[in-house]
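Asks: Everything below, folded, please.
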Amino acid sequence: MKNAQMTTATKAQDIKRTWHLIDAKGMVLGRISVEIAKLLMGKSKPYFVKNLDCGDYVVVINAKNVKLTGTKSSTKTYYRH
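Replies: Numbers count the residues shown, from 1 in each chain. Purely as a prediction, here's the structure:
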């Protein structure tokens, strides 16, 4: 075959990590957590594989100002041990 492209496996040294700064002020808790999880897992990268850690570094600021929708803020009980 002429001009056939071969798929290469992702190696640990091929992974490029970047830092992300997320300002969570006024954002909904569930929606921001999904975006953070995608960045931590690296699922948006073209070389994502399940057996390697392809994720980026994430720093979240103003986390105390996250909005809780519905009645979660008054009915949910948080336990700390």
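
Asks: Just give the nearest non-adjacent residue to residue 9, would you?
Replies: If the residues on either side of it in the chain are set aside, residue 9 comes closest to residue 49, at 7.7 Å by C-beta to C-beta, 6 or more residues apart in numbering. For glycine as for every other residue, the C-beta is placed from the backbone atoms N, C-alpha and C.

Asks: Same question for the one you found, what's its three-state structure.
Replies: Counting by DSSP: H, G, I helix; E, B strand; the rest coil, the backbone at residue 49 sits in coil.

Asks: With residue 33 instead?
Replies: Per three-state DSSP, the secondary structure class of residue 33 is helix.

Asks: Tell me the spacing between it and residue 51.
Replies: Going from residue 33 to residue 51 by C-beta to C-beta, to the nearest Å gives 24 Å.

Asks: repeat for residue 40
Replies: When residue 40 is compared with residue 51 (using C-beta to C-beta), they lie 16 Å apart.
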